[in-house]
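next come a sequence and a model predicted from it.
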Amino acid sequence: MTDALPLPETAGRPGRAGIRARWAALPGNLKGAAILVFAYFLFTFEIIAARMLGATMATEQVVLVRSAAQLLVVIPFVVRSGLGFGILRTSHLGLHVLRGTLSVVGLYFYFYSFGHLPLANATTISFTKALFLVLLAQMVLGEVVRAPRWIATLVGFGGVMLVVRPGLEGFDAAALAGVAGSFTGAGLLLVTKLLARHETPLAIMVYVALITTGASLVPGLIAWRWPTGTELLALGLIGCFGPMGQYFNILAFRAAEASSLAAIDYVRLIFSAAAGFLLFAEIPDGWTVAGAAVIVGSTFFLTRHEARAAALVAAAPAADPLSEPLTDTERTEEKP
């Protein structure tokens, strides 16, 4: 007599072990892509919460909650490291302060933009960070910016004009905040690039958590009012899913090559447009769709161009690292 069905144990824990084994056997780039999609899914809850709070709660209060949540997430890692306050020893305090300042300013722009714009519009504008990197790389790192990079950058900013569409009354404040947040985020990536040569990732995370929490404390307390039940839920989503998304974002870029994940960034637009439609009845108009296509196309071209340039540099004799083309390896810090 043969066995008709597998024993219950076969479909239990061994099955989970099999799933783990199959996951471990996947190529690193594929694993990274899957993790990054999950990270962007988590970030979608954060921007949904920001949209919910935009009309009723001060941005200062939202930033304080987000910063404090990030600090709470970092503390267990510091305890586990056994370094204690020794983690704060540094010879680059100025860079840490600059990075923390850019981060907290970026948070204000980020939450104001997503709190007052349709989610698809705010997400589309956030893609301009890659374009600002071209400008800042030339000014800060002295890189030679050649024609393809300038063309992609100018075309991308043309797409921004399609999304923002300044009329006779000028730019919308929330749209300006989104553009300013992208510029701040680009500066944050450059400072991270410099700091990463001298500091551990944990030290960088600790400093930014301390600085953003300290800088947002007084404004947040001044603006503070006790949230309603719905607002408390939204703040909980921001405090939970923001740091969680950042954690999985880091895992993704540890598992995969950064250049292989470049196109995954545009999943954010799909998630945000779907959330805006389902929860807030937001339907992107034709100008927004056209602007998104232009921005996405220009940033994708720019990313591919930078990846090829980085590959050529890697194949060439070693040079001064400050002269190397920027890649997207620092996107593990894509949210302030």
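Everything's here; your move.

spit out the contact partners of Thr128.
Shown in contact with Thr128 (C-beta atoms under 8 Å, 6 or more residues apart in numbering): 156-157, 160, 179, 182, 295, 299. The way it works is simple: take the backbone N, C-alpha and C, and place the C-beta from them, glycine included.

out of those residues, which is nearest to Glu282?
Nearest to Glu282 among those: Ile295, at 18.0 Å, using C-beta to C-beta.

I'd like the distance between the residue lying closest to that closest one once chain neighbours are set aside and Ala17.
Ranked by C-beta to C-beta, 6 or more residues apart in numbering and with sequence neighbours excluded, the top spatial neighbour of Ile295 is Gly159, at 3.8 Å. In this view, Gly159 and Ala17 are 48 Å apart by C-beta to C-beta, to the nearest Å.

I'd say Ser182 and Thr124 touch.
No: Ser182 is not in contact with Thr124 according to C-beta atoms under 8 Å; the separation is 10.5 Å.

and Ile204, which helix or strand is it part of?
Using DSSP states H and E, the element containing Ile204 is helix 201-223.

for that helix, output the C-alpha coordinates as CSV.
What follows is helix 201-223, C-alpha atoms only, in CSV (Å, rounded to 0.1, in the frame of the first residue of the first chain):
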residue,chain,number,x,y,z
PRO,A,201,27.0,53.2,8.8
LEU,A,202,25.9,52.8,12.5
ALA,A,203,27.7,56.0,13.5
ILE,A,204,26.1,57.9,10.6
MET,A,205,22.6,56.6,11.6
VAL,A,206,23.1,57.5,15.2
TYR,A,207,24.2,61.1,14.5
VAL,A,208,21.4,61.7,12.0
ALA,A,209,18.8,60.4,14.5
LEU,A,210,20.2,62.5,17.3
ILE,A,211,20.4,65.7,15.2
THR,A,212,17.0,65.4,13.5
THR,A,213,15.3,64.6,16.9
GLY,A,214,17.1,67.5,18.6
ALA,A,215,16.4,69.9,15.8
SER,A,216,12.7,69.0,15.5
LEU,A,217,12.0,68.9,19.3
VAL,A,218,11.3,72.6,20.0
PRO,A,219,9.3,73.3,16.8
GLY,A,220,7.4,70.1,17.3
LEU,A,221,6.5,70.8,20.9
ILE,A,222,5.5,74.3,20.1
ALA,A,223,3.1,73.1,17.4
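
average pLDDT for that helix?
For helix 201-223, mean pLDDT rounds to 91.

who does that helix touch, helix- and strand-wise?
On a contact count with 3 or more C-beta pairs under 8 Å, 6 or more residues apart in numbering; DSSP states H and E, helix 201-223 meets helix 59-81, helix 93-116.

got any ranges where this structure has weak pLDDT?
Counting by pLDDT under 70, the chain contains low-confidence ranges at 1-15, 138, 140-145, 166-171, 258-260, 262-263, 303, 305-336.

at 50 what do you get?
Scanning the chain with the threshold set as pLDDT under 50 gives 1-12, 168, 318-335.

verify the stated contact: Gly245 with Val37.
No: Gly245 is beyond contact range of Val37, at 11.3 Å (criterion: C-beta under 8 Å).

and these two? which has more neighbours close in?
Higher neighbour count among Gly245 and Val37: Gly245, with 21 against 17, using other C-beta atoms under 10 Å.
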